[in-house]
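A.B. asks: Sequence and predicted structure are below.
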Amino acid sequence: MTRGSELRPLRVAFVTPAWPGVQTPNGIATAVSHLASGLQDAGHEVTIIAHWLDAPHDHPRVIALPDARLRLVDRLRRKLDPEGWQVRFVADQHVEAIRRAVALYGVEVVVMEETQGWVGEIRAKVSVPVVATLHGPWWLHRMAGSAPDDAASARREAREARGLRRVDGITSPSNEVLRQTEARWGLPKVPAAVIPNPFPAPAQGIDLTDELLNHVLFVGRFDHIKGGDIVVDAFASIAAAHPAAQFTFVGPDEGLPRAGGGIDRLSDRLARLPEPVRSRIRAVGRQSRAEVAALRARHGVTLVASRYENFGGTLIEAMAVGSAVVSTSVGGQKEIATHEETALMVPPEDAEAMARACLRLMRDPALARRLGAAARNHVKANYAPDVIARRMADFLASVRRQ
């Protein structure tokens with residue numbers, strides 16, 4: 001039992017983009033789902049405040065954001081200051097939902113993302129502490145090249161920095177993001193902690209047979225930050241050296257900006273490959289959480305090619321099932337996996353290094369099985385929902401006591 005639960009159970013609300021999140025490929029929605037489960041199993045009361053409901057559920061305390069109701073004054077403010085109005089309007093939707101959560105369920109503390117600086121607007125209007133979780137501050141997207149370095153980005157970063165100075169506590173899934181956010185923006189002297197996102201390891205891991213190691217999986221958007229272009233290039237090299245290799249690309253095609261203008265789509269990238277390589281690639285688009293889990297069971301090797309990650313949910317999901325993983329050594333991923341112990345780590349932007357590492361796993365099944373087993377044990381010991389829930393409960397209890 002945690003120190004927080006020894007005092008008394010927490011009554012906490014989590015804000016999430018979707019609930020229960022089973023149809024929404026979103027790291028925040030997944031993390032909240034697992035964390036809520038861990039806290040409830042420990043005897044705490046969890047209320048969910050959801051931007052939208054994406055599937056039927058049986059959770060007893062769920063509040064959806066209220067429908068947008070534009071008054072005449074709202075329409076006027078939207079014309080005068082579209083950007084600022086939008087931030088305040090969404091913040092007010094959260095405020096209404098949080099006030100309902102307090103009134104109906106006695107919520108004592110709210111946990112939500114830092115996005116757009118909503119947390120600051122909200123904290124000024126609610127009676128309970130608000131904790132911001134750094135799921136992806138805007139400076140990170142700009143630094144990684146997935147957001148423009150323009151005036152709109154500067155305004156958003158300023159809003160998020162101001163918002164963080166008004167909260168009662170701050171958590172981050174990785175030490176690197178907490179440290180860099182402190183260095184860039186400065187943070188208030190409030191409780192702060194690194195609390196990774198939880199991920200349950202399924203009861204049964206995958207059996208890394210020699211045949212299964214011929215099948216390579218990538219789960220992520222085809223965009224700049226997830227490195228979908230890198231894995232396509234890497235598989236072209238893998239296919240040339242390993243005739244039995246097959247590749248499945250899971251995720252939406254959001255495109256990458258071309259140097260000369262326009263957008264490069266996954267379909268364009270695949271069309272440029274030689275037909276013998278292209279015929280060994282399946283692009284299956286966006287998949288539900290259950291569908292991704294089924295695909296993981298049919299693939300022995302997972303590639304994670306992110307140019308940057310705050311945490312690395314795709315990496316840890318692959319490790320949890322015992323996949324043999326090749327991952328870029330960036331951001332929070334460096335805090336999850338260890339080279340030669342739980343994965344093979346490669347530099348970002350290096351398709352050839354990724355291909356060589358993948359081929360090494362295919363040609364050395366004993367290595368692949370050793371890494372997969374160690375990865376699965378590491379996740380079970382360090383990222384299980386009950387383990388992370390204890391850390392979060394202790395932290396929120398310290399915020400509640402302030």
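C.D. replies: Okay, I see it.

A.B. asks: In the protein, where is pLDDT below threshold?
C.D. replies: Applying pLDDT under 70 to the chain flags the ranges 1-7, 70-74, 402.

A.B. asks: tell me, which helix in it spans the most residues?
C.D. replies: Across the chain, the longest stretch assigned as helix under DSSP state H is helix 82-105.

A.B. asks: Any buried residues in it, and which?
C.D. replies: Neighbour counts over helix 82-105 (16 or more other Cβ atoms under 10 Å) mark 85, 87, 89-95, 97-102, 105 as buried. For glycine as for every other residue, the C-beta is placed from the backbone atoms N, C-alpha and C.

A.B. asks: before we move on, what about stretch 337-357?
C.D. replies: Neighbour-count burial for stretch 337-357 flags 337, 342-346, 348, 350-351, 353-357 (criterion: 16+ other Cβ under 10 Å).

A.B. asks: ok, which pair from those is furthest apart?
C.D. replies: Spatial extent of those (Cβ to Cβ) is set by the pair 342 and 351 at 22.3 Å.

A.B. asks: number of nearby residues for the residue lying closest to residue 34 once chain neighbours are set aside?
C.D. replies: Excluding its sequence neighbours, the residue lying closest to residue 34 (Cβ to Cβ, 6 or more residues apart in numbering) is residue 198, at 4.3 Å. Counted with other Cβ atoms under 10 Å, residues neighbouring residue 198 total 28.

A.B. asks: now swap in the one 5 residues further on and tell me
C.D. replies: With neighbours defined by other Cβ under 10 Å, the count for residue 203 comes to 5.

A.B. asks: ok so, going back, mind checking what secondary structure the residue nearest to residue 34 has?
C.D. replies: Under DSSP: H, G, I helix; E, B strand; the rest coil, the three-state class of residue 198 is coil.

A.B. asks: which residues sit in contact with it?
C.D. replies: The contact partners of residue 198, by Cβ atoms under 8 Å, 6 or more residues apart in numbering, come to 31, 34-35, 38, 383-385, 387-389.

A.B. asks: Just want the phi and psi numbers for it.
C.D. replies: phi -80, psi 150 (degrees, to the nearest 10).

A.B. asks: ok, now how distant is it from residue 81?
C.D. replies: 39 Å (Cβ to Cβ, to the nearest Å).

A.B. asks: Export stretch 305-325 to CSV, keeping only CA atoms.
C.D. replies: Provided in CSV are the C-alpha atoms of stretch 305-325 (Å, rounded to 0.1, in the frame of the first residue of the first chain):
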residue,chain,number,x,y,z
ALA,A,305,12.2,4.9,-36.0
SER,A,306,11.1,8.0,-34.2
ARG,A,307,13.2,11.1,-34.7
TYR,A,308,12.1,12.2,-31.2
GLU,A,309,9.9,10.8,-28.5
ASN,A,310,8.8,12.2,-25.2
PHE,A,311,8.3,8.7,-23.8
GLY,A,312,8.1,6.0,-26.4
GLY,A,313,4.8,4.1,-26.0
THR,A,314,5.2,2.1,-29.2
LEU,A,315,8.6,0.9,-28.0
ILE,A,316,7.4,-0.2,-24.7
GLU,A,317,4.3,-1.9,-26.1
ALA,A,318,6.6,-4.0,-28.4
MET,A,319,8.9,-4.8,-25.4
ALA,A,320,5.9,-5.9,-23.3
VAL,A,321,5.0,-8.7,-25.7
GLY,A,322,8.6,-9.8,-26.0
SER,A,323,9.3,-8.6,-29.5
ALA,A,324,12.8,-8.3,-30.8
VAL,A,325,13.1,-4.5,-31.1
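
A.B. asks: what's the burial count for the nearest residue to residue 100 once chain neighbours are set aside?
C.D. replies: Excluding its sequence neighbours, the residue lying closest to residue 100 (Cβ to Cβ, 6+ apart) is residue 63, at 5.5 Å. Neighbourhood size, residue 63 [other Cβ under 10 Å]: 21.

A.B. asks: Likewise for residue 178?
C.D. replies: Neighbours around residue 178, by other Cβ under 10 Å: 20.

A.B. asks: what about the residue nearest to residue 348 when sequence neighbours are not counted, distance to residue 212?
C.D. replies: In space, and not counting its chain neighbours, residue 348 is closest to residue 328: 4.4 Å by Cβ to Cβ, 6+ apart. Distance from residue 328 to residue 212, counting by Cβ to Cβ: 23 Å.
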